[in-house]
Structures are given as structure tokens and as C-alpha cells.
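> Okay, here's the prediction I keep looking at, along with the sequence it came from:
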Amino acid sequence: MGETAEIIFREMSSEDIEAAFNIESKVFDISSVWSLGYFKFRFNRDKTFAFVAEIDKKIVAYSMIEFKEKIASILKFAVDPNFQGRGIGKKFFSAIIDFIRQRGGEVVQLHALTDNFPAINLYESFGLKITERLKDFYKKTHEDGFLMELKF
């Protein structure tokens with residue numbers, strides 16, 4: 001593929017929720033997809049920070065992070081399937097890690113399906129390590145998850 005147009009990373013606004021939720025619905029299976037109502041609830045929480053990646057004014061990725069003191073939990077991180085494989089996820093994840101560092105985060109945590117190798121490989125490339133296998137973590141499908149963690 002040729003060069004990707006400029007990627008803009010910015011805070012998610014309430015006008016972006018529908019586009020981010022559409023990505024949510026395409027990327028995550030029933031085990032981990034949030035309802036639109038829950039998506040809006042998480043977006044509006046005090047300790048939640050949400051970001052989007054935009055190309056040509058189209059939202060192509062989003063992330064939600066929750067801070068609990070010095071621990072940043074990446075609740076969601078997704079790239080639209082039509083834009084995967086272009087390095088967007090790696091650049092966006094790098095921006096998310098930079099934000100966490102700048103905000104004083106000392107630990108990054110996230111969960112991943114045990115068979116989501118592309119995501120696990122991405123997270124490991126940033127230094128996250130699998131710290132625990134969580135049996136039946138995804139209750140709807142009874143799938144296991146990994147807890148992954150990075151300490152600065």
C-alpha cells in the first residue's frame with residue numbers, strides 16, 4: 001500500500017461516539033463488545049479519557065483509558081478493520097502510552113483475548129508483558145483473557 005494520509009490523534013468528543021461505537025461493533029466479538037449505552041456511560045466518567053485517530057476527517061481508531069491513581073487501564077483500543085495493517089495501530093498506541101506517561105501513570109494494564117495474537121504482539125512490542133491468565137474472563141463466551149502490564 002502507498003503512504004497513509006496524515007493521522008491526527010485527538011481527544012474524543014461526544015460527536016465522535018457513534019463513529020467509535022461503529023468501530024467497536026466491527027472489531028470486538030460478542031465476548032467484549034460494549035452496548036452503546038455502556039459506551040456512553042464509560043465516556044462520561046470522570047477518570048476516563050477517550051481518544052480517536054482520524055484520517056481525512058474519518059475516525060479510524062479509538063481508545064478509552066481509565067486512571068486509578070498511578071495505574072492506567074486501557075479499557076478499549078481498536079482500529080477500524082478497513083484501516084488495519086497500515087501502522088495506524090502502532091502509531092496510535094504509541095500516542096496513548098505517551099499520554100499515560102505525561103499524565104504521571106506508572107503502570108499500564110489491559111486485557112486481551114488469549115488468541116488475539118495481532119493485539120498481543122502489538123502490546124508486547126511496547127513492553128507489555130502477560131502477567132496473568134484470567135480463566136473465563138469474557139463471561140459471554142467463556143473465553144480466557146490475558147492481563148498484560150507495563151511498569152515505567
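Ah, there it is. Numbering: from 1, shown residues only.
> And the next helix or strand past the longest helix seen in the chain?
Using DSSP state H, we find that the single longest helix of the chain is helix 88-102. Reading on from helix 88-102 to the C-terminus, the next helix or strand found by DSSP states H and E is strand 107-113.
> elements contacting that next one?
Applying 3 or more C-beta pairs under 8 Å, 6 or more residues apart in numbering; DSSP states H and E, we find strand 107-113 packed against strand 71-79, helix 117-125, strand 129-138, strand 143-151. Every C-beta, even on glycine, is put in place using the N, C-alpha and C of the backbone.
> Okay, angle between that strand and helix 117-125 too, please.
Per axes from the mean of the first three to the mean of the last three C-alpha atoms, to 10 degrees, the angle that strand 107-113 makes with helix 117-125 is 160 degrees.
> on that earlier part again, most packed of the helices and strands packed on strand 107-113?
Among these, ranked by average contacts under mean count of other C-beta atoms under 10 Å, first place goes to strand 71-79 (a mean of 21).
> circling back: quick check: angle from the longest helix of the chain to strand 71-79?
Interaxial angle of helix 88-102 relative to strand 71-79 (the same axes, to 10 degrees): 160 degrees.
> State the distance from the spatially most central residue of the chain to Lys135.
What sits nearest the mean C-alpha location of the chain, by C-alpha atoms, centre = their mean, is Phe77, with 1.3 Å. Plainly put, Phe77 is 23 Å away from Lys135 if you go by C-beta to C-beta, to the nearest Å.
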